[in-house]
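**Q** Below are the sequence and a predicted model; questions follow.
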Amino acid sequence: MPGGGSTRMTPQILPHPGPRRWKAKWIWPSAAPAEESNVYAYFRKTFVLKAAPRAHKLFVSADRLYKVFVNGKLLGKGPPPSAPWFHYYDEYDPGRCLSRGTNCISVIVYHVAAEPYGDADGRGRGGLLLEVTDARGKPLVQSDETWRARIADAWQKNTYHYGNAVAPFVESFDARREPAGWMKAGFDDRSWPAAGVIASQRSGSTSPPAAGPWSKLVPREIPFMAGDTILPERVVYTEESVDLRLETTNLAPGLSMAGKPVQYTRCGKAESLCTEEGGAVFQSSLKHLDLDFGSLYAPAVVLDFGRIVTAHVRLSLEGPAGGIIDIGYAERLLDGRFNICVDGAAIADRYVMKDGPQEFETFAWKAFRFLKLRFRSCLRPVTVHGVHAIISTYPYKERGQFHSDDATLNGVFKISKATIRLCSNDSLLADPWREKALWLGDISLVTLPAIQS
């Protein structure tokens with residue numbers, strides 16, 4: 001201890017608090033089919049605080065993933081991977097986002113029926129559970145039929161499935177379809193339907209945990225994921241290619257198509273994407289407007305983040321309504337070129353712009369080193385102010401180190417350490433890019449011994 005001596009601390013075994021007693025109800029948009037998959041839903045609730053917030057707590061869970069906002073500010077993401085019979089919930093301190101007077105809680109929930117989260121047996125369904133308590137533990141806000149809820153049609157449903165366990169579908173988001181200001185207290189939600197309360201199929205009970213398929217609710221047992229926000233290290237290349245309008249939601253063929261040097265399109269100041277200043281400008285060709293030129297060309301840029309990361313991608317830009325950015329993710333290049341059609345998984349997302357300044361962040365994290373942005377139908381200039389990777393990784397406390405006189409062994413240790421970090425998120429993963437799955441054999445034989453050593 002600082003100032004003298006050392007003291008041996010005796011661990012204290014605290015009594016288990018027991019199951020939490022919820023006043024909130026599991027809810028879902030009332031008009032949405034329970035079995036619907038690859039669907040996003042909006043939820044919101046306004047309430048009044050008569051005094052400044054003090055020691056408030058917010059408890060939340062969802063099936064499958066949520067983002068919770070308080071007065072438009074992101075409070076957190078979760079929960080950890082769960083099965084319906086052992087479903088996690090999270091706890092937050094919302095004080096920094098609350099204020100005296102009218103407040104708004106808004107939540108986006110993503111549900112998909114896929115393994116390994118217990119949905120393969122057909123019992124999985126979407127749901128949100130949320131409760132805010134005061135300093136005495138008294139519920140102030142709880143999810144119930146007084147909430148407003150609707151399916152978020154800004155996300156396309158019938159998108160390509162590429163076998164990933166956490167985010168198996170292309171995330172295709174149209175910013176023009178997002179209700180402006182819906183996360184703020186002053187938004188008029190009177191046209192939104194009231195949320196539907198989920199009841200147990202067996203008993204009819206609406207009281208958690210008996211309601212719905214979530215038969216046991218347990219507090220999160222691991223820390224929240226942590227990580228820095230980083231920029232790409234370099235521009236690998238820019239190119240342009242014919243803007244094929246394929247009638248498919250599989251974005252891989254267009255992103256993998258070999259381009260040629262920029263001639264008809266605009267790729268200005270692409271290197272600025274590697275700096276905080278940003279300001280790169282992209283624009284589709286306009287030569288197709290000439291009667292003797294039949295093709296529309298789309299520009300693209302390939303960015304290198306220097307190492308494989310597990311991260312959400314955030315784009316900050318100013319562009320025209322209807323302009324499209326296709327986003328492709330790759331761990332490596334093939335013969336120096338971006339190609340995700342022949343490398344195990346066609347992982348990609350799409351963002352359709354609204355008009356003016358805007359920001360987009362992918363809902364789920366992806367694993368990648370190389371990022372390709374292809375600008376389609378951008379007949380007016382698009383100014384990209386920033387492309388950031390928001391790292392998501394388990395916050396290990398390093399308790400050991402390795403060093404030897406053998407440079408090769410040192411290199412192997414460094415690579416192994418980085419690989420373990422990549423496979424450690426809100427669950428242990430056999431691989432972070434293609435499947436994001438927890439395969440018991442791989443985990444028990446490789447990942448767990450490596451963490452302990």
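**A** Alright, I've got the coordinates. Residues are numbered from 1 along each chain as shown.

**Q** If you drop the residues flanking it in sequence, what lies closest to Tyr237?
**A** Distance criterion Cβ to Cβ, 6 or more residues apart in numbering; nearest residue to Tyr237, sequence neighbours excluded, is Val302 at 5.6 Å. Using the backbone N, CA and C atoms, a C-beta is placed for each residue, glycine as well.

**Q** from memory the one you found sits against Val236, does it?
**A** Yes: assessed by Cβ atoms under 8 Å, Val302 is found in contact with Val236 at 4.2 Å.

**Q** Which one's more surrounded, these two?
**A** Val302 (25 against 18; other Cβ atoms under 10 Å).

**Q** Please compute how far the helix or strand containing that one lies from its chain's middle.
**A** Following DSSP states H and E, the helix or strand that holds Val302 is strand 297-319. How far strand 297-319 lies from its chain's middle: 15 Å, per Cα atoms, centre = their mean, to the nearest Å.

**Q** repeat for stretch 30-37
**A** 22 Å.

**Q** And the next helix or strand past the longest helix along the chain?
**A** Secondary structure of the chain per DSSP state H: the longest helix is helix 407-422. Proceeding N to C from helix 407-422, the next assigned helix or strand is helix 440-442, under DSSP H and E.

**Q** buried sites along that following helix?
**A** Neighbour-count burial for helix 440-442 flags Asp442 (criterion: 16 or more other Cβ atoms under 10 Å).

**Q** Quick one: distance of the helix or strand just after the strand holding Val302 to the chain centre.
**A** Following strand 297-319 in sequence order, the next helix or strand is strand 324-330 (DSSP H and E). Relative to its parent chain, strand 324-330 has a centroid offset of 15 Å by Cα atoms, centre = their mean.

**Q** Can you name every helix or strand that strand 324-330 contacts?
**A** helix 252-256, strand 348-352, strand 366-376 (3 or more Cβ pairs under 8 Å, 6 or more residues apart in numbering; DSSP states H and E).

**Q** quick check: angle from the next helix or strand after the longest one to strand 324-330?
**A** Put plainly, it is strand 366-376. Counting by DSSP H and E, the next helix or strand C-terminal to strand 366-376 is strand 382-391. Put simply, strand 382-391 runs at 30 degrees to strand 324-330, going by axes from the mean of the first three to the mean of the last three Cα atoms, to 10 degrees.

**Q** Tell me where the stretch 151-300 of the chain has strands.
**A** 171-174, 195-197, 217-219, 229-230, 234-242, 266-268, 280-283, 297-319 (DSSP state E, counting those that start in this stretch).

**Q** where in the stretch 101-250 of the chain is pLDDT low?
**A** Where the stretch 101-250 of the chain drops to pLDDT under 70, the residues are 114-123, 246-248.

**Q** which stretches of it form helices?
**A** In the stretch 101-250 of the chain, no helices are defined using DSSP state H, counting those that start in this stretch.

**Q** ok so, going back, can you check which residues contact both of Val302 and Val236?
**A** 333, 338, 370 (Cβ atoms under 8 Å, 6 or more residues apart in numbering).

**Q** closest to Arg148 among the residues you listed?
**A** Phe370 (41.0 Å; Cβ to Cβ).

**Q** Verify the stated contact: the closest one with Leu334.
**A** No: under the criterion of Cβ under 8 Å, Phe370 makes no contact with Leu334, lying 10.4 Å away.

**Q** Looking at the two, which is more packed in?
**A** Shown here are Phe370 and Leu334; by other Cβ under 10 Å, Phe370 has more neighbours (19 against 13).

**Q** Please tell me how far the residue nearest to Tyr237 sits from Ser256.
**A** 11 Å (Cβ to Cβ, to the nearest Å).

**Q** on that earlier part again, most packed of the strands of the stretch 151-300 of the chain?
**A** strand 280-283 (a mean of 23; mean count of other Cβ atoms under 10 Å).

**Q** any idea how far the nearest residue to Phe375 once chain neighbours are set aside lies from Ile27?
**A** Leaving aside its chain neighbours, Phe375 sits nearest to Phe282 (4.4 Å; criterion: Cβ to Cβ, 6+ apart). As judged by Cβ to Cβ, Phe282 and Ile27 stand 41 Å apart.

**Q** Kindly report the same for His312.
**A** 26 Å.

**Q** How about Arg100?
**A** In terms of Cβ to Cβ, Arg100 sits 27 Å off from Ile27.

**Q** can you check Cys104 too?
**A** For Cys104, the distance to Ile27 - Cβ to Cβ - is 16 Å.

**Q** Same check on Lys216?
**A** 19 Å.

**Q** the more surrounded of the two?
**A** The residue with more neighbours, out of Lys216 and Ile27, is Ile27; 29 against 14, by other Cβ under 10 Å.

**Q** Backbone dihedrals for the more buried one, both of them.
**A** Per-residue torsions, Ile27: phi -130, psi 160 (degrees, to the nearest 10).

**Q** Now do the contacts for the nearest residue to it once chain neighbours are set aside.
**A** Closest residue to Ile27 apart from its sequence neighbours, by Cβ to Cβ, 6+ apart: Ala195 at 4.0 Å. Counting by Cβ under 8 Å, 6+ apart, Ala195 touches 27-30, 43, 143-149.

**Q** Among the residues you listed, which one sits closest to Lys57?
**A** Nearest member of the contacts of Ala195 to Lys57, counting by Cβ to Cβ, is Ser143, at 14.8 Å.

**Q** Can you give the contact residues for stretch 202-210?
**A** 19, 22, 24-26, 87, 129, 197-200, 211, 214-217.

**Q** these two touch, right, Pro320 and Thr383?
**A** No: using Cβ under 8 Å, Pro320 makes no contact with Thr383, being 10.7 Å away.
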